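>>> Please find the sequence and the predicted model below.
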Amino acid sequence: MDIERLRYMADQIARNFAALGEEQAIAATADHLVKFWDPRMREQIKADDPAALSPVVAAAVARL
Amino acid sequence: MGYERQADFGTPEVQSGTSVTLTIDGREITVPAGTSVMRAASQSGGSIPKLCATDSLQGFGSCRLCLVEIEGRKGTPSSCTTLAEDGMVVHTQTERLAKLRRGVMELYISDHPLDCLTCSANNDCELQDMAAAVGLRDVRYGYEGENHLGTKPDLSNPYFLFAPDKCIVCSRCVRACDEVQGTLALTVDGRGFASKISAGQPSDNFLSSECVSCGACVQACPTSALMEKSVKQMGKPERSVVTTCAYCGVGCAFRAELKGEQLVRMVPWKDGKANHGHSCVKGRFAWGYANHQDRITTPMIRQSVTEPWREVSWEEALAFTAGRLNAIREKHGPRALGGITSSRCTNEETFLVQKLVRAGFGSNNIDNCARVCHSPTGYGLKTTFGTSAGTQNFDSVDQADVIMVIGANPPDAHPVFASRIKQRVRQGAKLIVVDPRRTDLVHSPHVEAAHHLALRPGTNVAVLTALAHVTVTEGLAHEDFIRERCDWDEYQDWVRFVSEERHSPEFLEPVTGVPASEIRAAARLYATGGNGAIYYGLGVTEHSQGSSAVMAIANLAMATGNIGRPGVGVNPLRGQNNVQGACDMGAFPHELPGYRHISDVSVRSAFEQDWGVTLDSEPGLRINNMIDAALDGSFLGVYIQGEDILQSDPNTKHVAEGLAAMECVIVHDLFLNETANYAHVFLPGSTFLEKNGTFTNAERRIQPVRKVMEPANGLEDWEVTQALARAMGIDWNYTHASQILDEIARLTPTFKGVSFARLEQEGSLQWPVNDAFPDGSPVMHVDGFVRGKGKFVVTDYVPTDEKTGPRYPLLLTTGRILTQYNVGAQTRRTAQTVWHPEDLLEIHPTDAENRGVCDGDWVRLASRTGETTLRARVTDRVAPGVVYTTFHHPETQANVVTTEYSDWATNCPEYKVTAVQVTPSNGPSDWQEDYAELSAQSRRIADAEPAE
């Protein structure tokens, strides 16, 4: 799937959790990806370059 | 059920804590205080002649036919306007009364055509009945005097006619337009003998007037003065079946009235608990699509979408389909297959499609069209309250003191409930409207919103947080309720958040465009005005922060204690008839029926045990993910039941590319819809009139859908799904839809007590129906939230990434209008096109003038995604900088313009915010021309080979 689209979606999730503070935002983003993303989407973003992801998303993806 | 008129008690039922006992014609009867003598007499089994009275309207006392004698009182009062009292002794049949009534009837009949035998109301006419009831044998005045005979009928409305010569000026139609519908389009023009019913201004006819064709006047008319044209053409019905409307989420109950297999008319059922005998133009009249010539009733297949369709037998179609699906699964695995079901289908059909995908295909790639409308409601209300549903029944609005309508336009999208709101506001409730457009609720006859927060599209969360800011900082929160019912620590976090200065109305005014004083006043009113009820629609959900907005609404309701009793609550107005049900049935990629996550081992194993399969424990693809995955080659086959994703989903070009990339697209529908242009298999579907099942409306009310006539294609939709499953080698053997509901009840705790038999007995049930709530739940969260403690969620305002700029300076929002329904597949194939033959672009006069656009001009509507052309309607209903259109017509394809921006939590598309430019145009866009050609090519059906 289009990796740019996946990056955008993950970043959008993280931005909406940002008000919780960084640690909680990372946990909530990771939890959201596990609960709502199809495995192929998760695998693809896990294989992505972390530098291409926002810091919260990169940290969340690292927990998957 | 044979054909007989619905019972009519003359005046409305009264709710009262006290009762009175009186004697009528020697029979003692006890009724609630406030009940009319007429109704009491009806309830005691008697019958008082009447013409101007009907139990949907307040007593009027005009026809003078319902006169009675009351011991100890002078005169002969009208029983419809006289209230029953303790000890009252009433006589309804005396010589004096008989003489008076005959005299009244003589006068009526002296100015009425004596054409009963050829009248369309023959044997179904209250005037005829009353003439018989009073024993009228002679008209002393003759018929030669001045009269209204020969007056020209008004045939302008496509569905009903008005024949003034048949009118007795009883005012039932005028009062129905007032008391039932609330439009006040009708009046009695003139006085005395010159009195006549008039729609709108004297120069108007019914079609050109403000009449919304709800049919309330037609239903109220005691003669054939207002009559359905279908009855005039076909004659009086001979049987009736009660069923549930398949249009919006109000879920009106109707009596389908038929002659044999021929539907004559749909009449709202008085005992329907969602609509109480009212209807809108679509449910009442727009059913002609069921027999439209475009309907496909034979299965069709083709090897590739460039070929014409080939009509085949069910066996060949199913074998072809199963072969393709099985081949894809074998080669690419189960996750390459999926299904999309529809909120228009029954619970049983939706349940079965998700079961086919999960247990048959072997994936969780199942979604439904709630994805593009109310998926944020599911996420938001489950997170905050613990269950994905509205909290109230519709009747609750009668006890609301403050009604806040956010991002919804009920007069257009939920007309029957809009009438309830209007009536309540006219009784004194205050109304707050949060909407970029000046909808009819903001200002209409005898209805005026106390506050209209005309926010800039995309700023819902900012406005809702500002309302919360005022509530908290001005000490208006209901702390006792919060301490008892909600998580206090989370509330404290939320208080700190919303109290920040950056959430104040003053700080946010430049962002939202709403004057701070208006937000403060609205917040105070909602928090302190008594019972506060929130109703919201797709103007809340179809945003990049749709889920956040839903949670912000829930926060506000909890903070003010407006949850858990009649008159309050948080109520999503569902767009389609079974949005609630389709979501309840697990037609989501992450949830099994009853909103239970697929990863929950105990829940999943219950299904595995019942179905005898192992289920995928991972969430599947959403609709938009399916399209994306199709383009990368990992999703190749989809079964689409009752949904037209090409027309309804955003970024049409992208959807088309995704569909074109698949190896097997199966469309199961009534018509060759736009999605079918890219399909390999077409399985003909059945209308709601042709099947058994249940729909669940916006108030969680499960209602029966009863088969009114045999399916034109030979199979109910659940039978088609079962046949496909069997063709794939899955041994299903349901013989009736009731068995599917039994399975739903067996596997879904909130449906535990629901069955066809129980629904037959109760009429309808509101889930949860289980051991804790054996008779259902009109109001939820009464003693506690489903999740335990109510959860306050911090909802920071994150502006959409769809930005206006020099190239695209305007904001487009899309929606629907009263006379059409969603992609228009049904309503475009009815006379509804009289009102709305094409999508129009509403544009403010200033924006129009700046662009040299006049009303009715063709304009080019362009976004970063695409462009289309349509005609402009210049109106100040929209604010400067905002344009609006509908998505009912494929020739316009409004979704060519909308973007793929979507709700962060659910991917519900951001239909309500697209940056656009509008310029004058003189012809269709390239896309429209190309699509028209493709559409024509794709709809070709090969000639059948001649029989040997």
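Happy to help now that I have it.
>>> and the closest residue to chain B within chain A, what does it touch?
Nearest residue of chain A to chain B (CB to the nearest CB) works out as residue A:19 at 3.8 Å. (Glycine included, C-beta is placed from N, CA and C.) Neighbour list for residue A:19: B:497, B:794-796 [criterion: CB atoms under 8 Å, 6 or more residues apart in numbering or on different chains].
>>> Run through those residues and flag the ones next to chain A.
Within the set of the contacts of residue A:19, contact with chain A (CB under 8 Å from any CB of the partner chain) is found for B:497, B:794-796.
>>> what about residue 40, is that helix, strand or coil?
Just so you know, I chose chain A. Assigned with DSSP: H, G, I helix; E, B strand; the rest coil, residue A:40 falls in the helix class.
>>> For the nearest residue to residue B:942 once chain neighbours are set aside, give me the backbone phi and psi.
Distance criterion CB to CB, 6 or more residues apart in numbering or on different chains; nearest residue to residue B:942, sequence neighbours excluded, is residue B:308 at 4.4 Å. Dihedral pair for residue B:308: phi -70, psi 160, per degrees, to the nearest 10.
>>> Repeat that for the one 3 residues further on.
Backbone torsions for residue B:311, taken as degrees, to the nearest 10, come to phi -70, psi 130.
>>> what's the neighbour count on it?
17 (other CB atoms under 10 Å in any protein chain shown).
>>> pLDDT score for it?
pLDDT recorded at residue B:311 is 97.
>>> So the closest residue in space to it that isn't next to it in sequence: helix, strand or coil?
Counting by CB to CB, 6+ apart, residue B:298 is the residue found nearest to residue B:311 once chain neighbours are left out, at 4.6 Å. Look at residue B:298: counting by three-state DSSP, its state is coil.
>>> Likewise for residue B:13?
Residue B:13 is classified as coil under three-state DSSP.
>>> List the contacts of it.
Applying CB under 8 Å, 6+ apart to residue B:13 gives the contacts B:32, B:35, B:39, B:55.
>>> Same check on residue B:525?
Counting by CB under 8 Å, 6+ apart, residue B:525 has contacts B:402, B:430, B:432, B:450-451.
>>> what ranges do the helices span in the stretch 501-650 of chain B?
Assigned by DSSP state H, counting those that start in this stretch, the helices in the stretch 501-650 of chain B fall at B:505-512, B:516-528, B:538-541, B:546-559, B:579-584, B:601-611, B:623-631, B:645-648.
>>> pretty sure the residue of chain A closest to chain B is in a strand, no?
No: counting by three-state DSSP, residue A:19 is located in no strand; its state is helix.
>>> can I assume the residue nearest to residue B:942 is in contact with residue B:944?
No: counting by CB atoms under 8 Å, residue B:308 stays clear of residue B:944, with 11.5 Å between them.
>>> The two: which is more packed in?
residue B:308 (13 against 10).
>>> Model confidence score at the more buried one, please.
96.
>>> what does residue B:946 give?
So residue B:946 comes in at 66 (pLDDT).
>>> Most neighbours among the contacts of residue B:13, please name it.
residue B:39 (27 neighbours).
>>> How about the residue in the stretch 701-850 of chain B that chain A sits nearest to: what's its closest non-neighbour residue?
Nearest residue of the stretch 701-850 of chain B to chain A, counting by CB to the nearest CB: residue B:796, 3.8 Å away. Using CB to CB, 6+ apart and skipping the chain neighbours, the partner closest in space to residue B:796 is residue A:19 (3.8 Å).
>>> Pull the number of nearby residues for residue B:858.
By other CB under 10 Å, 15 other residues sit near residue B:858.
>>> what about the closest residue to residue B:5 other than its chain neighbours, which helix or strand?
Ranked by CB to CB, 6+ apart and with sequence neighbours excluded, the top spatial neighbour of residue B:5 is residue B:124, at 7.0 Å. Counting by DSSP states H and E, there is no helix or strand that carries residue B:124.
>>> How many residues are close by residue B:124?
Other residues near residue B:124 come to 19 when the count uses other CB under 10 Å.
>>> Would you check that it makes contact with residue B:4?
No: the criterion here is CB under 8 Å, and residue B:124 misses it with residue B:4 at 9.7 Å.
>>> quick revisit: out of the contacts of residue B:13, which sit inside helices?
The helices, defined by DSSP state H, take in residue B:39 from the contacts of residue B:13.
>>> Chain A against chain B: which residues are in contact?
Going by CB under 8 Å from any CB, the residues of chain A near chain B are A:1-2, A:5, A:9, A:12-13, A:15-16, A:18-20, A:32, A:34-41.
>>> And the contacts of residue A:19, which two are furthest apart?
Maximum pairwise distance in the contacts of residue A:19, criterion CB to CB, is 8.5 Å, between B:497 and B:795.
>>> who's more crowded, the two?
residue B:795 (28 against 22).
>>> want to throw the contacts of residue B:13 into TSV with distance to residue B:64 and pLDDT?
Converted to TSV, those look like this (distance: CB to CB, whole Å; pLDDT from 0 to 100):
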residue	distance to residue B:64	pLDDT
B:32	26	97
B:35	21	98
B:39	18	98
B:55	19	96
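>>> Chain A: which of the contacts of residue B:13 is nearest?
residue B:55 (49.8 Å).
>>> Quick check: that closest one touching residue B:36?
No: under the criterion of CB under 8 Å, residue B:55 makes no contact with residue B:36, lying 9.6 Å away.
>>> Chain A: helices as residue ranges?
Here chain A has its helices, by DSSP H, at A:3-17, A:22-36, A:39-46, A:55-62.
>>> could you redo the ones you listed as JSON lines and give each row mean pLDDT and distance to residue B:393?
Formatted as JSON lines, these follow (pLDDT from 0 to 100; distance: least, CB to CB, whole Å):
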{"stretch": "helix A:3-17", "mean pLDDT": "97", "distance to residue B:393": "32"}
{"stretch": "helix A:22-36", "mean pLDDT": "97", "distance to residue B:393": "31"}
{"stretch": "helix A:39-46", "mean pLDDT": "97", "distance to residue B:393": "39"}
{"stretch": "helix A:55-62", "mean pLDDT": "97", "distance to residue B:393": "41"}
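>>> re earlier: save the helices of the stretch 501-650 of chain B as CSV, and put in distance to residue B:146 and mean pLDDT too.
Below are those laid out as CSV (distance: least, CB to CB, whole Å; pLDDT from 0 to 100):
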stretch, distance to residue B:146, mean pLDDT
helix B:505-512, 63, 98
helix B:516-528, 55, 98
helix B:538-541, 55, 95
helix B:546-559, 61, 98
helix B:579-584, 56, 95
helix B:601-611, 76, 97
helix B:623-631, 66, 97
helix B:645-648, 57, 92
